[in-house]
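1. Based on what follows, work out the 3D shape:
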Amino acid sequence: MRATLFLLALLGFNLSQGADVGCNLSYDLNGWGTCTQNGCCEFTAQNTDPSLCDGSGETCCYSTDLCPPYGPDFCFRTYGTWVSRYNFHASESEVHSGFQALKDKGITRVYFNIWADGSIYANSATAINNGASFIRDSLQWAVSSARTLGLEIYAWFEYGTQAHYGTSPDNSFSAELVIKDWLLYNLVDGQKVYTTPDGGNYVWTDPTNPAVQQFFADMTADIVRNYDLDGIQYDDHMAMPNGFDTVDNIGQSTRFTIMEEFMLKIRDAVYSAAPGTKISYSPSPISFSETHHNVRWENYLLDGIVDEVAPQYYRTTAGDYLNTLNQDLPYVQGHQTAMLGGIRLSGSGGATPSGEVDRMIEISYEKKLKGVSFWFADDIILGTYVPPTFVYC
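-> Numbers count the residues shown, from 1 in each chain. Take a look at the predicted model:
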């Protein structure tokens, strides 16, 4: 791996850097921006329109999270990973030992699963009062360990708009949602059928229902209000699957708008409950996300709705990873500095060879992504894969 990959930028930081003392506000982000070197705006609250700044290669950044100038070199800012609810999750000691192993191997951020199959692993009155099963407060253990070890901690809502794994609403949460009429379904011979091939073997909540959107906004706000978090994350299961009459009877551009406004409602609820909490989204690649999930996530970046995206570029070869990344980058218009490359270590099928993973990290650096995140943490905790040494800005 090239030595420059993990070069630590040692240059000083000056808020007044750039040709202008401020730049025009292009969307509602509550203030003037600062002209700074392109690539040095930590999050997506930026506009790369060159007319806003005088200096060549500058961007208008509305975020307070400006990074130090890189000079000729670029460096990552995040080494993340996802912790599932299956392992290193069930007890305080188990969580802490897992986090310690991640820290020892250079991980800087953990996306910790708290929402799956109608169950909540954190304290949310909204979730519990609407039928979700409270399993245990694993998130409190995760936050405590993260703060002790100096890791960033994001609450990960894995299931998103999925209510239940299975073909019928037979857990307490989805059964409650039948009564509320919050689920997607088709009428077949007078009977409600809750799954379609496009939706997979899942029961889904209805994103077109304002009450459903409010439920997720309120549940997310509960979590950021109740815990000392750096951020929250939804992923590709925050979706509107095709194959249901409610979905198929509206145009695709309207579906995109519904999902974008849905995420905006979640963002605003989070910002109101805990200002400064970051919003992350981990989608599928753009083409799949648009055609299967009715999500146009590049707009989430361009419109400042999320602070970062961590697309799941889960491929087993570096060549396929590069090809997939190259297909998406033209759509984000220079905002790749707010992207983490989602890299697959293992999953269905064989593990990704470590040499291919190392090359994927290099590619992510070469494309000037913010960093990478690994699916999933077990491989790193158990030593199946050991990431290269990481130094960040």
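2. Now Ala127: closest residue in space that isn't a chain neighbour?
-> Ile120 (4.3 Å; C-beta to C-beta, 6 or more residues apart in numbering). No exception for glycine: its C-beta is placed from N, CA and C like everyone else's.
3. could you give me the average pLDDT of stretch 181-192?
-> In this model, stretch 181-192 has a mean pLDDT of 96.
4. May I have that stretch as CSV, with CA atoms only?
-> Only the C-alpha atoms of stretch 181-192 are listed here, as CSV (Å, rounded to 0.1, in the frame of the first residue of the first chain):
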residue,chain,number,x,y,z
ASP,A,181,-53.0,0.6,8.9
TRP,A,182,-49.3,1.5,8.7
LEU,A,183,-48.2,-1.4,6.4
LEU,A,184,-47.8,-1.8,2.7
TYR,A,185,-50.0,-4.6,1.2
ASN,A,186,-51.9,-5.7,-1.9
LEU,A,187,-55.5,-7.0,-1.9
VAL,A,188,-55.6,-10.4,-3.5
ASP,A,189,-59.0,-12.1,-3.6
GLY,A,190,-60.1,-9.8,-0.8
GLN,A,191,-57.1,-10.7,1.4
LYS,A,192,-54.2,-8.5,2.4
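5. my guess is the residue nearest to Ala127 contacts Asn129, does it?
-> No - the criterion here is C-beta atoms under 8 Å, and Ile120 misses it with Asn129 at 11.0 Å.
6. Neighbour count for those two, which is higher?
-> Higher neighbour count among Ile120 and Asn129: Ile120, with 25 against 12, using other C-beta atoms under 10 Å.
7. for the more buried one, which residues make a bridge with it?
-> Trp115, Phe134 (DSSP bridges).
8. ranges for the helices of the stretch 201-350 of the chain?
-> Applying DSSP state H, counting those that start in this stretch to the stretch 201-350 of the chain gives helices spanning 210-226, 245-248, 252-273, 286-293, 298-302, 318-332.
9. now these as a markdown table including distance to Glu152, mean pLDDT and mean neighbour count?
-> Shown next, in a markdown table, are the helices of the stretch 201-350 of the chain (distance: least, C-beta to C-beta, whole Å; pLDDT from 0 to 100; neighbours: other C-beta atoms under 10 Å):
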| stretch | distance to Glu152 | mean pLDDT | mean neighbour count |
| --- | --- | --- | --- |
| helix 210-226 | 14 | 98 | 20 |
| helix 245-248 | 35 | 96 | 16 |
| helix 252-273 | 16 | 97 | 18 |
| helix 286-293 | 25 | 97 | 17 |
| helix 298-302 | 20 | 90 | 21 |
| helix 318-332 | 22 | 96 | 17 |
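10. Can you give me the neighbour number for Val188?
-> Using other C-beta under 10 Å, Val188 has 8 neighbouring residues.
11. Can you pull the phi/psi pair for it?
-> phi -130, psi 110 (degrees, to the nearest 10).
12. now do Thr81
-> phi -160, psi 160.
13. Enumerate every residue touching it.
-> Going by C-beta atoms under 8 Å, 6 or more residues apart in numbering, Thr81 touches Leu102, Ile107, Arg109, Val110, Tyr111, Ser373, Phe374, Trp375, Phe376, Ala377, Ile380.
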